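J.: Structure, please.
(2 chains)
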Amino acid sequence: MSAPAVEHAPAPTDSDNVLEVRDLTLRFGGLTSLDGVSLTQTRGEVLSVIGPNGAGKTSLFNCLTGVYTPQEGDVRFHPEAGVTKSVLGRKPYQVNHLGIARTFQNIRLFNALTSLENVKIGIESRQRTGPIGAMLHMPWNRREERESDAEAFRLLEFVGLGKRANEVSSSLPYGDQRRLEIARALGTRPQLLLLDEPAAGTNPAEKRQLEVLIRDIAGTGVSVLLIEHDMKLVMSVATDVVVLNFGQVIAAGTPQQIQRDPKVVEAYLGGGDDDAAPAAAKKAPAKRPPATKPKD
Amino acid sequence: MSNPTLERSETPGPGSRLPWHRNEDYRRIFSLLMVGLVVALMTGPSGNRDHPTDGITGSWFHPRVLVFLFAALVIGLLMTGYDRAKGAGRGNPLAPAIAPITAVRDRMTSQPLLRYGVYAAILAFAIFYPQTLSPFWQRVLVDQIGIYVLLALGLNIVVGLAGLLDLGYIAFFAIGSYTTAYFTGKLPVTPPFTLNPLEVVPIAILATLIAGVLLGGPTLRLRGDYLAIVTLGFGEIVRILAVNGDDFFGHNVTNGPRGAVGIPHPSVHAVGINYEWTLSSLPYYYLLLALVIVLLIAFNRLENSRVGRAWTAIREDEVAAAASGVPTVKYKLMAFAIGASTSGFAGVLYASKVGFISPDNYLLLFSILVVTMVIFGGMGSLPGVVLGAAVLQWLPQVLRGKVPPEDRYIYFGALLILMMIFRPQGLLPSRRRSRELKLSEEGIGGADSLGAAPGGAAS
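T.: I've put the predicted structure just below:
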């Protein structure tokens, strides 16, 4: 089942990395949440970060998006055109403007707005019209408004919500809300999309749709960094997998290599059987110390 | 305020066994009776030197208490009957009565002709009706209602759209007024050149814009209640500066508590037009009306633009807004500056209409009053805040002479209490805001400090 993912991967070259994380260390007081994490993501690939709860996955995301500032290490982002930039020290919206968009583990939509308006907010963060142009209905304001409408409809269609454009986002089913959040993130035209547990709480049918969607996104040239507990999804869409445990990278490689890695099997299962992986991942945190519980 | 709403959502439907005192209907009638009783006692006869206890005995044992209690009971029963009828699946029992209104409203969005017809009717009413009023009411219409409609429209941007609770809003009004006094040469310090109040407008807008950015820059990193406290402090600082400005390092700058007197009326002397506003209120009314219409159009466009959507996003979830690329601090500053300059504009008009300003015009009370108007009318809703400001300024005036003067604001308070209990979304709520309020009652998402969300958005 992991074969399609391998076919999907573009030929990786060292010079074509979209993201480089070097020795990232994040501490909260005496608690080390991330301990010298390094990883590299090739442009266009789907890189999945897995690990038991509390392993530091969401902390890593928060460091990558400017929510947390790590004490040590560096995060370098290579836009397709332009110079390499360090992500550290930038505010969340500035990181987004670099070309890194994200979704949240607990869905954070603008609940009183319609699906269309939610996506438009992402798109319009790239537009220029100021308050005076808007008040006077300047021609450029109307043009931008038309562009943002068209783009929002296109993105909603892309994630499969074309018919729900005018529904209030809080009234959408859970899986649709997840996809709407992805559409909003795509609205900012990212080169790197960070998905934080997009399959959490979705049903099997929605998971299959999500699988297709992630591949479609990667197919448009957007690199995807995926945190996910659902091993089936990870094994099918990921080009590469990085395993975190206690804030450290314990393994990295293709899904096949990871599945066979004894350290990973131990971290997840304590020496068990492959098929039980998703279930074990859910149980794992109870046994672990609550290393970090980052709330975003 | 959040308690009754919580109770309401917990209360099971009809047919459930609840002790009678926990029953929603009884609770409502009880709270109405209490409000009625308090209002009856507080507005009752007061004591005097010969009979000092009259205030108490006279209020308790007076038939008017019964009148108030009876009125409360009638209101309570009517509301209960309304709810029962609605709950019984027959829809809104008032639907036939308001059917023409809802029919017009529903068709307004799809039929531009009807929409412009309704606007034209409202405009015609706004133009011609004031001419039939007495000079007293024309003055109220300008000094009280018109100026406060402007203030409420400006604050609506800050509170209603961007969700920032600003309790020092009247300070910008003061800055606008004092700028007018300064540039018309009515403050003890001489300006470099004297201007006519209308020419002060751009300067006052600029001054309040800068003041808004200066206040907002360092404080907008704060959220909700903390921001409210800081703005409250700012409002008081500006007022106290005005009070103590008669001895500013030995110089009399603001004339202190005496304020500025004799601020001239505005006039226009340009391309063939020579017009001077005078003591008469009606010309001011038309000036304000034109201004309000322009602002309504501009702010409506603003609300439905990318700027307005970005404000809504910030109000609903600042973290998600920033993650979607919205520069949150910049947009909050923008809201602050637009609100402040509207207030400054109102300050210029007020100073030149009344001709006399003193620090007493800029008390904290007035900041709170403007916030109340915005909430009362319906946060984020343009027709709502206009109506809210008009009703709340009209009420004390219409009670003038009908009830003892010291009682006027008790009725005002009772109206606010009832409104917040039974219609917290305001007179004419905006669609987005009512959705938010409904969602926060259900415990989803938590708007801002004014969204009354139990355990709202953290961080």
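
J.: so where do the helices sit in chain A?
T.: In chain A, helices defined by DSSP state H lie at A:3-8, A:57-64, A:92-98, A:115-124, A:131-135, A:139-159, A:174-187, A:204-219, A:231-237, A:255-260, A:262-269, A:277-287, listed in chain order.

J.: buried sites along the third one?
T.: When neighbours are counted by 16 or more other C-beta atoms under 10 Å in any protein chain shown, the buried residues of helix A:92-98 are found to be A:Pro92, A:Tyr93, A:Gln94, A:Val95, A:Asn96, A:Leu98. All C-beta spots, glycine's among them, are computed from the backbone N, C-alpha and C.

J.: and those residues as JSON lines, adding distance to B:Thr254 and pLDDT?
T.: Listed next are these as JSON lines, based on distance: C-beta to C-beta, whole Å; pLDDT from 0 to 100:
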{"residue": "A:Pro92", "distance to B:Thr254": "43", "pLDDT": "93"}
{"residue": "A:Tyr93", "distance to B:Thr254": "41", "pLDDT": "94"}
{"residue": "A:Gln94", "distance to B:Thr254": "42", "pLDDT": "93"}
{"residue": "A:Val95", "distance to B:Thr254": "47", "pLDDT": "93"}
{"residue": "A:Asn96", "distance to B:Thr254": "46", "pLDDT": "94"}
{"residue": "A:Leu98", "distance to B:Thr254": "49", "pLDDT": "92"}
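
J.: For B:Ala181, pull up the helix or strand it's in.
T.: Taking DSSP states H and E as the criterion, the element that holds B:Ala181 is helix B:170-183.

J.: swap in B:His269?
T.: Of the helices and strands defined by DSSP H and E, B:His269 is found in strand B:267-270.

J.: Let me know which of the helices of chain A is tucked in deepest.
T.: Compared across these, helix A:115-124 shows the largest average neighbour count, a mean of 27 (mean count of other C-beta atoms under 10 Å in any protein chain shown).

J.: can you give me the angle that one makes with helix A:139-159?
T.: 120 degrees (axes from the mean of the first three to the mean of the last three C-alpha atoms, to 10 degrees).

J.: Show me what helix A:115-124 packs onto, helices and strands only.
T.: Based on contacts counted as 3 or more C-beta pairs under 8 Å, 6 or more residues apart in numbering or on different chains; DSSP states H and E, the elements that helix A:115-124 packs against are helix A:139-159, helix A:174-187, helix B:306-316.

J.: Not counting its own residues, what contacts it?
T.: Contact with helix A:115-124 is made by A:101, A:109-110, A:113, A:144, A:147-149, A:151-153, A:155-156, A:161, A:164-167, A:169, A:172, A:180, A:183-188, B:306, B:309-310, B:312-313, B:321, B:324-326, as judged by C-beta atoms under 8 Å, 6 or more residues apart in numbering or on different chains.

J.: counting contacts, what elements does the strand holding B:His269 pack onto?
T.: Here strand B:267-270 is seen to pack against strand B:273-276 when contacts are counted using 3+ C-beta pairs under 8 Å, 6+ apart.

J.: Using the three-state scheme, assign the residue nearest the centre of chain B.
T.: Nearest to the mean C-alpha position of chain B, counting by C-alpha atoms, centre = their mean, stands B:Met373 at 1.9 Å. Going by DSSP: H, G, I helix; E, B strand; the rest coil, the secondary structure assigned to B:Met373 is helix.

J.: how close does it get to B:Met34?
T.: Here B:Met373 is placed at a distance of 26 Å from B:Met34 (C-beta to C-beta, to the nearest Å).

J.: check whether the helix or strand following the helix holding B:Ala181 contacts chain A.
T.: Of the helices and strands lying after helix B:170-183 in sequence (DSSP H and E), the nearest is helix B:197-219. No: against chain A, helix B:197-219 shows no contacts by C-beta under 8 Å from any C-beta of the partner chain, the least distance being 11.6 Å.

J.: Put the alpha carbons of helix B:197-219 into CSV.
T.: Listed next in CSV are the C-alpha coordinates belonging to helix B:197-219 (Å, rounded to 0.1, in the frame of the first residue of the first chain):
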residue,chain,number,x,y,z
PRO,B,197,-13.9,74.9,12.4
LEU,B,198,-14.5,73.2,9.1
GLU,B,199,-10.9,73.8,8.2
VAL,B,200,-9.9,72.3,11.5
VAL,B,201,-11.5,69.0,10.5
PRO,B,202,-8.5,67.5,8.6
ILE,B,203,-6.1,68.7,11.4
ALA,B,204,-8.4,67.1,14.0
ILE,B,205,-8.7,63.9,12.1
LEU,B,206,-4.9,63.8,11.8
ALA,B,207,-4.4,64.6,15.5
THR,B,208,-6.8,61.9,16.6
LEU,B,209,-5.4,59.4,14.1
ILE,B,210,-1.9,60.0,15.6
ALA,B,211,-3.4,59.8,19.1
GLY,B,212,-5.1,56.5,18.2
VAL,B,213,-1.8,55.0,16.9
LEU,B,214,0.2,56.3,19.8
LEU,B,215,-2.3,54.7,22.2
GLY,B,216,-2.7,51.6,20.2
GLY,B,217,0.9,50.9,19.3
PRO,B,218,2.1,49.9,22.7
THR,B,219,-1.2,48.5,24.1
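
J.: Which strands and helices lie in contact with it?
T.: The contact analysis (3+ C-beta pairs under 8 Å, 6+ apart) places helix B:197-219 against helix B:170-183, helix B:224-244, helix B:328-354.

J.: and the helix or strand encompassing B:Val104, how far from the chain's centre?
T.: In this structure, B:Val104 is located in helix B:95-108 according to DSSP H and E. Taking C-alpha atoms, centre = their mean, to the nearest Å, the mean C-alpha location of helix B:95-108 is offset from the chain mean by 27 Å.

J.: now stretch B:147-157
T.: Going by C-alpha atoms, centre = their mean, the spacing between the C-alpha centre of stretch B:147-157 and its chain's C-alpha centre is 7 Å.
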